[in-house]
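Engineer: How does the following fold in three dimensions:
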Amino acid sequence: MLTPERIDTNSLDLTRQLNDVGVEVVAKYVVGDHLERLEGVVRLALSRSQIVILSGGLGPTEDDLTREAVAAALGRKLIYHPEIAEALEQRFARLHRKMAEVNKRQAFVIEGAEILPNERGTAPGQWIEVSSFNAAGAVIMMLPGPPHELKAMFERQCLPRLCRMLPPQVIRVRELHVAGMGESDLDQLIAPVYKKYGNPATTILAGAGDIQIRFCARCATADEAEALLSEVSGPIEALLGDRIYSHNGDSIEQVVGKLLLAAGATLSVAESCTGGLLGERLTGVAGSSEYFLGGFITYSNALKTELLGVPPEMLAEHGAVSKPVAEAMAEGARRRSGSTFALAITGIAGPGGGTDTKPVGLTYIGLAGPQGTEVVERQFLGDRARIRQFASQVALDLLRRKLGAGGSGAGATGAGSA
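Structural biologist: Residues are numbered from 1 along each chain as shown. Below you'll find the model as predicted:
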């Protein structure tokens, strides 16, 4: 988990299931295979939380140190259970294999622990209740690392035990996705509303051209939690208006796709600096062939002219990164593809290529449709990937707002309505 090749999906799944039964996850730790560090983290976790879950490190090899670390943190012995070793040997025998002697390490159980059967692997889990680290007491769950083993053990062995211990409580979450605002401007607008409430807790997460507002309510019942979420999010939604593009976690490309389908409209794209990113986002949505016709990646001036019909004299006079060229690219894509709408992006993604008059991050985004063509100019900050992501986000939001305002021109095609 400390290498760039691995992604921790276990904690995400556990967090979701814990939230469903009213447990808030307050900290996560990723620790390497080092006995003293593991022991220290276990002690720290027990000092601040009533529920501590460990995943991984229960295998047979020398670097599987979870059992030893938890035993040391608790000051308890590891006890060998021959019946576990025998069950492991029988499991290997059914596979016509001889069990290596090292597998017997998995038969050691911490003193006082309850053994959790592993239906999908060899490493048994352990459930330990302790009272020495905090006044409320704590429970430790030691689960195997492979996701298919951990998920089954947690759902079948741990959740029923945990639910018997917990008071009636649920956690419910609501998310708003916002485009077209900066994080500081958004917070200044909505903070007077959400600061009145400790419950639900409000978190603002900013990405490239996208902001997520997350409300998390903890209540005795789901109905109470939903009512509280509505009480806080309602006024905020009124303040933000059409800047909100999603209430249910849909991406902006999903939202645009649904709007295009509802309008009976189609879309094509023409991309320069984004190099196909906009088309990739659109086609990443299942069913996008119903409304997305295709695109033109015209990185050179020659292809802008040949494929999109951008006049060479326009390119010579204004340069590829300009409002007239963005307009001509959008209109050319719409005309050549016969789509209802066309989006075009041209800009300087960097890190080189910028000038005093046209700095890195300068981007023009064009939208051609039945009612004409519009172009917006934006100056984005960040590295190449961030600038490209910003540009594609603004382009999608430009079309979303056009469709949402009733400017769909449903049923029109580029050739018949230009």
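Engineer: alpha carbons only for contacts and neighbour counts from here, please
Structural biologist: Fine.
Engineer: doesn't Pro168 make contact with Arg218?
Structural biologist: No. Using Cα atoms under 8 Å, Arg218 makes no contact with Pro168, being 10.6 Å away.
Engineer: Stretch 48-58: end-to-end distance?
Structural biologist: Using Cα to Cα, to the nearest Å, one end of stretch 48-58 lies 24 Å from the other.
Engineer: Stretch 16-28 too?
Structural biologist: 14 Å.
Engineer: Domain parsing of this structure, as residue ranges.
Structural biologist: The record assigns the chain these domain ranges, following automatic domain parsing: 10-165, 170-246, 252-417.
Engineer: any idea which of these is most buried?
Structural biologist: domain 252-417 (a mean of 20; mean count of other Cα atoms under 10 Å).
Engineer: Does anything pack onto the longest helix anywhere in the chain? Which helices or strands?
Structural biologist: Ordering each helix of the chain by length in residues (DSSP state H) puts helix 384-404 first. In this structure, helix 384-404 makes packing contacts with helix 252-263, helix 277-283, strand 341-347, strand 362-369, judged by 3 or more Cα pairs under 8 Å, 6 or more residues apart in numbering; DSSP states H and E.
Engineer: Out of the ones you listed, flag the one nearest Val130.
Structural biologist: Set against Val130 and scored by Cα to Cα, the helices and strands packed on helix 384-404 come closest in helix 252-263, at 47.1 Å.
Engineer: tell me how far the helix or strand following the closest one is from the chain's mean position?
Structural biologist: Heading C-terminal from helix 252-263, the first helix or strand you meet, by DSSP states H and E, is strand 267-271. On the basis of Cα atoms, centre = their mean, to the nearest Å, strand 267-271 sits 26 Å off its chain's mean C-alpha point.
Engineer: helices or strands next to strand 267-271 in the packing?
Structural biologist: Under the contact criterion of 3+ Cα pairs under 8 Å, 6+ apart, strand 267-271 touches helix 277-283, strand 292-297, helix 323-337, strand 341-347.
Engineer: Including mean pLDDT, could the domains of the chain go into JSON lines?
Structural biologist: Below are the domains of the chain laid out as JSON lines (pLDDT from 0 to 100):
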{"stretch": "domain 10-165", "mean pLDDT": "92"}
{"stretch": "domain 170-246", "mean pLDDT": "93"}
{"stretch": "domain 252-417", "mean pLDDT": "93"}
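Engineer: In JSON lines: the helices and strands packed on strand 267-271, plus distance to Arg76.
Structural biologist: Converted to JSON lines, the helices and strands packed on strand 267-271 look like this (distance: least, Cα to Cα, whole Å):
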{"stretch": "helix 277-283", "distance to Arg76": "53"}
{"stretch": "strand 292-297", "distance to Arg76": "63"}
{"stretch": "helix 323-337", "distance to Arg76": "70"}
{"stretch": "strand 341-347", "distance to Arg76": "64"}
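Engineer: Does Ala225 lie in a helix or a strand, and which?
Structural biologist: helix 222-240.
Engineer: The helix or strand just after that helix: partners in the sheet, and parallel or antiparallel?
Structural biologist: Sequence-wise, the next helix or strand downstream of helix 222-240 (DSSP H and E) is strand 244-246. Paired strands of strand 244-246, with direction, are strand 170-178 (antiparallel) (DSSP bridges).
Engineer: who's in contact with the partner strand?
Structural biologist: Residues from elsewhere that reach strand 170-178 (Cα atoms under 8 Å, 6 or more residues apart in numbering): 19-24, 210-222, 225-226, 229, 243-249.
Engineer: and Arg43, which of the helices and strands packed on strand 267-271 is closest to it?
Structural biologist: Here helix 277-283 is closest among these (Cα to Cα), at 44.7 Å.
Engineer: Alpha carbons of that closest one, as PDB, please.
Structural biologist: Written as PDB, here are the backbone C-alpha positions of helix 277-283 (Å, rounded to 0.1, in the frame of the first residue of the first chain):
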ATOM      1  CA  LEU A 277      -9.500  14.400 -23.700                       C
ATOM      2  CA  LEU A 278     -13.000  15.900 -24.200                       C
ATOM      3  CA  GLY A 279     -14.000  13.100 -26.600                       C
ATOM      4  CA  GLU A 280     -12.500  10.500 -24.100                       C
ATOM      5  CA  ARG A 281     -14.700  11.900 -21.300                       C
ATOM      6  CA  LEU A 282     -17.800  11.800 -23.400                       C
ATOM      7  CA  THR A 283     -17.200   8.300 -24.600                       C
END
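Engineer: Can you name the residues in contact with that helix?
Structural biologist: Contacts of helix 277-283 (Cα under 8 Å, 6+ apart): 253-254, 257, 269, 271, 288-289, 292, 294-295, 388-389, 392.
Engineer: chain center to that helix, what's the gap?
Structural biologist: 17 Å.
Engineer: Could you shift the numbering so residue one becomes 635, and keep it that way?
Structural biologist: New numbering, starting at 635: the last item is helix 911-917.
Engineer: got the domains of the chain as a markdown table, with distance to Leu636 columns?
Structural biologist: Listed next are the domains of the chain as a markdown table, based on distance: least, Cα to Cα, whole Å:
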| stretch | distance to Leu636 |
| --- | --- |
| domain 644-799 | 7 |
| domain 804-880 | 24 |
| domain 886-1051 | 24 |
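Engineer: Can you check which of those gets nearest to Pro638?
Structural biologist: domain 644-799 (12.8 Å).
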